[in-house]
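Q: Just need the structure, nothing else, for what follows:
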Amino acid sequence: MSSHTSVDDTAARPSLELEHIMAPALASRHARVRGFLHRLAANPPQVLLMEGGTVEERAAMSFYWAALLNCTLNESEGPRPCLACSACAQMIACRHRDMFFLDGREESIKIDDVRAVRGVLGEPPRDNGQRMVILCEAQSLGIEAANALLKSLEEPRPGTSFVLLAPQRERLLPTLVSRSWVLTLAWPESHGAEASADPLEAQAAEWGDALAEFARTGTGWFQRTASKSSLDNGVAQRVVVYCQRELVAAITGNVHSELARLFAGVDSLVHRRVDEVLAECQESLVYNVNPAIVMDWLATRVALLCSARR
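A: Numbers count the residues shown, from 1 in each chain. Just a heads-up that it's a prediction; the model follows:
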């Protein structure tokens, strides 16, 4: 939870400490995400779920969002967020009186933490911007805490923005995801030897290559899913996450795999549709739908979408 220490309003640029905190969010590989946030800022969703990236990148991007919604710089004076005004600095340092940062990086987020936030949600924000409620590594929410949070999300909270941070959306309760606007950060980059040394990553990449081949030729896929020894729920979830990462790679021009090349050959409408398909697959796997059925539906939908718009 936040303490409320004042920050010098006359700062001309972010302090070195704030620059260090924000550096992961300002990396060039996240330019697309920052662009989305600026478009969302005109009408911010009540609940924003940020997945992908690293722990540090997700946290930094949530601070960027908080600063963007609360920056006091006039747009005629320069781009927002300035990351230097009092509101920006206090949000980034978690010292703003309208910032509530529940940190699940080292231990679970307790129900008492959620209840403490709920106690102030009926009041308007204390300043002129948005009240920010950030749940860092929200997958660490206990069941009771998650249910208490759901009660808050079910009611409109004008002036309050919730941010859920998690490695992947399937790590959260589907009911939390269904109430969120999901934004996917660039997935952590894996490099050559490191990726090939990870058998699980290599397995997901093999499935990704097979999916790209099926989308192009209509062959090979159903033999893979019919083999009971090669597919279980864990494998299917890794395949979906791999597909999400390669979709982002295609959109950002970081095309190295067969699947990314497939996605790079279609337009933005197909990208959105494929993202929706992958989200449905994740939810189905969370509910323990037969993974072979989920994977066959994924392959069929991707093939139809990509063949129709090439």
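
Q: Excluding chain neighbours, what is closest to Arg115?
A: Ala148 (6.2 Å; C-beta to C-beta, 6 or more residues apart in numbering). C-beta here means a position set from N, CA and C on the backbone, and glycine is covered the same way.

Q: For the one you found, give its distance to Leu83.
A: 33 Å (C-beta to C-beta, to the nearest Å).

Q: Give me the more crowded residue out of those two.
A: Remark: of Ala148 and Leu83, Leu83 carries more neighbours, 26 against 19, as counted by other C-beta atoms under 10 Å.

Q: just checking, the more buried one touches Ala23?
A: No. Taking C-beta atoms under 8 Å as the definition, Leu83 is not a contact partner of Ala23, at 11.0 Å.

Q: and the nearest residue to Glu56 once chain neighbours are set aside, how many neighbours?
A: Distances taken as C-beta to C-beta, 6+ apart place Pro24 nearest to Glu56, at 4.7 Å, with adjacent residues excluded. Using other C-beta under 10 Å, Pro24 is surrounded by 21 other residues.

Q: Need the three-state assignment for Pro24.
A: coil (DSSP: H, G, I helix; E, B strand; the rest coil).

Q: Use 570 as the first number from now on
A: Okay, residue one is now 570; in that scheme the one you just asked about reads as Pro593.

Q: mind listing what it touches?
A: Pro593 sits next to His599, Gly622, Thr623, Glu625, Glu626, Ala628, Ala629, Met630 when contact means C-beta atoms under 8 Å, 6 or more residues apart in numbering.

Q: Can you list the residue ranges for helices in the stretch 620-769 of the chain?
A: 624-639, 655-661, 680-687, 712-722, 743-747, 761-766, 768-786 (DSSP state H, counting those that start in this stretch).

Q: Of all these, which one is nearest Ala611?
A: Closest of the helices of the stretch 620-769 of the chain to Ala611 is helix 624-639, at 10.5 Å (criterion: C-beta to C-beta).

Q: circling back: and which of the contacts of Pro593 is nearest Pro757?
A: When the contacts of Pro593 are compared against Pro757 (criterion: C-beta to C-beta), the nearest one is Thr623, at 5.5 Å.

Q: what about Gly789, neighbour count?
A: 13.

Q: Sorry, wrong one. I was asking about Glu644.
A: That count, for Glu644 with other C-beta under 10 Å as the rule, works out to 8.

Q: Just confirm Val835 is within a strand.
A: No. Under three-state DSSP, Val835 falls outside any strand and is assigned coil.

Q: How many residues are close by it?
A: Val835 has 20 nearby residues by other C-beta under 10 Å.

Q: Roughly how far does Arg664 sit from Ala805?
A: Using C-beta to C-beta, Arg664 is found at 43 Å from Ala805.

Q: more neighbours, these two?
A: Taking other C-beta under 10 Å, Arg664 and Ala805 do not tie; Ala805 has more neighbours (25 against 17).

Q: wait, doesn't that one sit right on Ile862?
A: No. Taking contacts as C-beta under 8 Å, Ala805 lies outside contact range of Ile862: 9.8 Å.

Q: Report pLDDT for Arg748.
A: Arg748 is assigned a predicted lDDT (pLDDT) of 90.

Q: Around the closest residue to it other than its chain neighbours, count how many other residues there are.
A: Nearest residue to Arg748 in three dimensions, chain neighbours excluded: Leu722, at 4.9 Å (C-beta to C-beta, 6+ apart). As a burial measure, Leu722 scores 18 neighbours (other C-beta under 10 Å).

Q: if I pick Ser730, what's in contact with it?
A: Pro613, Pro614, Gln615, Val616, Leu617, Trp634, Ala635, Leu638, Gln699, Arg700, Met701, Val702.

Q: Among those, which one sits closest to Leu606?
A: Trp634 (5.5 Å).

Q: What is the burial count for that closest one?
A: 28.

Q: So it sits against Leu617, correct?
A: Yes. Counting by C-beta under 8 Å, Trp634 does reach Leu617; the two are 6.8 Å apart.

Q: Find residues that contact each of the two.
A: By C-beta under 8 Å, 6+ apart, the residues touching both Trp634 and Leu617 are Ser730, Val732.

Q: Done for today, thanks.
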